[in-house]
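> Quick one: sequence plus predicted model below, questions after.
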Amino acid sequence: MGGAFAAVPGGSEAMCSNPATLLETRSPELTAVYGRLYSGLSDDSKIGQGYFGFAGPLRRYLQGAAGVSWNDTRLSEAYSETSFSVSYATAVYRGVAGGLTLKYLRRGYVSDAYTAVDPVFGSGYSKSALGADLGFFWRPAPAYGLGFALKNLNRPDLGLDSADRLPVEARVGFSYLMRTSLLDFDASFAGSDYTLSAGAEYSFQRSYALRMGLAAGNDSRRNISMGLGARFGLAEFDYSFVLPIGGISGTMGSHRLAFSFRFGPEADALSASEAAAALELRRAREKAAAQEEQIKTLQLKLEAAPAAAPAAAPEAKPEPTAAEVQKQIEQLKSELEKSRAEIEAAKTRPAARPAVQAAPKPAAKPAARPAAGRRTYAVREGDTLESIAASVYGDPDRWPEIYRANQGAVGRGGEVKPGQVLVLP
């Protein structure tokens, strides 16, 4: 994906890019990664990477999600960079998620005949420091995501004999989710260095994914990445290959293999679109709560409002009358009822389940009936979201409406099965 993850929900790997995206983690997740970086270097250097992360939602004591991770990169047993991180994310303002990562960083060198006589190592062979990252994530609509992260806020010093502070890295990202695809774009800036990256993911059969990414920066740094993923039940396997095409030469690229496992009853139905649906429900609740607070404030103002507006100086703004305040309250109550209806509709979205009645005959029209004020459709053999939209609405391009109303049932791939009951918006 080109490393463009600032606006992509990352699960147990979110601590590496933007801790705020942890908030869209819907079930506990465990991830382990092994990487072989820049293989085939002429000096036979072997650079390995290991990563272990665990993240999940918090439900008892804190509202939000949290994660822990360990990341280790080593060069031929001569040099190592290690970090331990703890992250927490929560809603901070009307659909905006905020996340914080605290991390312990360590650089270490191996003592040998060369380092023993180097004055740089006179005070030791390792240095550690504490660092902090801050991130924000906002999904203005189910298909769009915006992310912003600041890494190494306190500029931790990892120098041995002199200061060597890590630069503050600012990263901004944008993602766009389609029915079977995901596009993401990132731009990062650290000191005088910058990197622009873009990635794409295509999902098919609800179990497999193909990925591709591009990244380019100053000093002729460019690379291309490719990857694939497969999901079997609660387990997921991913492989990625990154090939430098500028800035670094004499290497056959970097290889990474990842294994993830999800826990809990919700894990077998997760997808990025379902996370977006959960975010919609949370926003509807926040909107209703805000409207209730506004109504309470106006009711207090109503008690103190005059029956008619008093005379005021030309430059002064007159106070609202009781009738005007009452009108605002009635309008807010109407909006509050709509918000509560949205909440109930989101809570009662049907899960994929077989229909109890017999399937309709092939020549018959789709079975549709009112259910709690809404129609439903029993999927037949060979149906797709496009064919259902064409049959029901006379327009196949209206399939996104059915998809959004049934995200918890059809998943991100949009696959439907015979006998499945869909809600028709």
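That came through, no problem. Numbers count the residues shown, from 1 in each chain.

> Go through stretch 136-150 and flag the buried ones.
136-139, 142-143, 145-149 (16 or more other C-beta atoms under 10 Å). All C-beta atoms are positioned from the backbone trio N, CA, C, and that covers glycine.

> Look at that stretch and report the distance between its end residues.
9 Å (C-alpha to C-alpha, to the nearest Å).

> Identify the residues contacting it?
With contacts defined as C-beta atoms under 8 Å, 6 or more residues apart in numbering, stretch 136-150 is touched by 6-9, 17-21, 23-24, 89, 92, 95-99, 133-135, 168-178, 273, 276-277, 279-280, 404, 407.

> one step back: in terms of model confidence, name the weakest of the buried residues of stretch 136-150.
Lowest pLDDT within the buried residues of stretch 136-150 is found at residue 142 (78).

> Can you give me the separation between it and residue 294?
26 Å (C-beta to C-beta, to the nearest Å).

> quick one on the thing from earlier: among the contacts of stretch 136-150, which ones are buried?
6-9, 17-21, 23-24, 89, 92, 95, 97-99, 133-135, 169, 171-175, 177-178, 273, 276-277, 279-280, 404, 407.

> neighbours of residue 103, just the number please.
20 (other C-beta atoms under 10 Å).

> Show me which positions of stretch 203-216 end up buried.
203, 209, 211, 213-216.

> Residue 393: which of the residues you listed is nearest?
For the buried residues of stretch 203-216, the closest approach to residue 393 (C-beta to C-beta) belongs to residue 203, at 25.2 Å.

> Now name the helix or strand holding the closest one.
Using DSSP states H and E, residue 203 sits in strand 193-204.

> Now do the same contact list for the closest residue to residue 385 other than its chain neighbours.
Spatial nearest neighbour of residue 385, excluding adjacent residues (C-beta to C-beta, 6 or more residues apart in numbering): residue 399 at 4.0 Å. For residue 399, the contact set (C-beta under 8 Å, 6+ apart) comprises 179, 384-386, 388-389, 414.

> which one of the buried residues of stretch 136-150 sits closest to residue 236?
Proximity of those to residue 236 (C-beta to C-beta) peaks at residue 145, which lies at 20.4 Å.

> sorry, back to before: next, format the buried residues of stretch 203-216 as CSV and append pLDDT and secondary structure.
Compiled in CSV, these are given as follows (pLDDT from 0 to 100; DSSP: H, G, I helix; E, B strand; the rest coil):
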residue, pLDDT, secondary structure
203, 88, strand
209, 92, strand
211, 93, strand
213, 93, strand
214, 93, strand
215, 92, strand
216, 92, strand
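
> quick one: which two of the residues you listed are the most distant?
Applying C-beta to C-beta across the buried residues of stretch 203-216, the maximum distance is between 203 and 216, 26.0 Å.

> next one: the helix or strand where residue 330 lies to chain centre, how far?
Assigned by DSSP H and E, residue 330 belongs to helix 322-347. Centroid displacement of helix 322-347 relative to its chain, using C-alpha atoms, centre = their mean, to the nearest Å, is 31 Å.

> Okay, helices next: where are they in the stretch 51-200 of the chain?
Counting by DSSP state H, counting those that start in this stretch, no segments of the stretch 51-200 of the chain form helices.

> coming back round to it: name the helices or strands packed onto the strand holding residue 203?
Judged by 3 or more C-beta pairs under 8 Å, 6 or more residues apart in numbering; DSSP states H and E, strand 193-204 is in contact with strand 181-190, strand 208-217.

> angle of the last one against strand 181-190?
Think strand 208-217. Inter-element angle recorded for strand 208-217 and strand 181-190: 30 degrees (by axes from the mean of the first three to the mean of the last three C-alpha atoms, to 10 degrees).

> In the sheet, which strands lie alongside the next helix or strand after strand 208-217, parallel or antiparallel?
Counting by DSSP H and E, the next helix or strand C-terminal to strand 208-217 is strand 222-232. Strand 222-232 sits in its sheet next to strand 208-217 (antiparallel), strand 235-246 (antiparallel), going by DSSP bridges.

> Now whatever helix or strand comes next after the longest one: buried residues?
Read that as strand 235-246. Using DSSP H and E, the helix or strand that follows strand 235-246 towards the C-terminus is strand 254-262. Going by neighbour count (16+ other C-beta under 10 Å), the buried part of strand 254-262 is 254, 256, 258, 260, 262.
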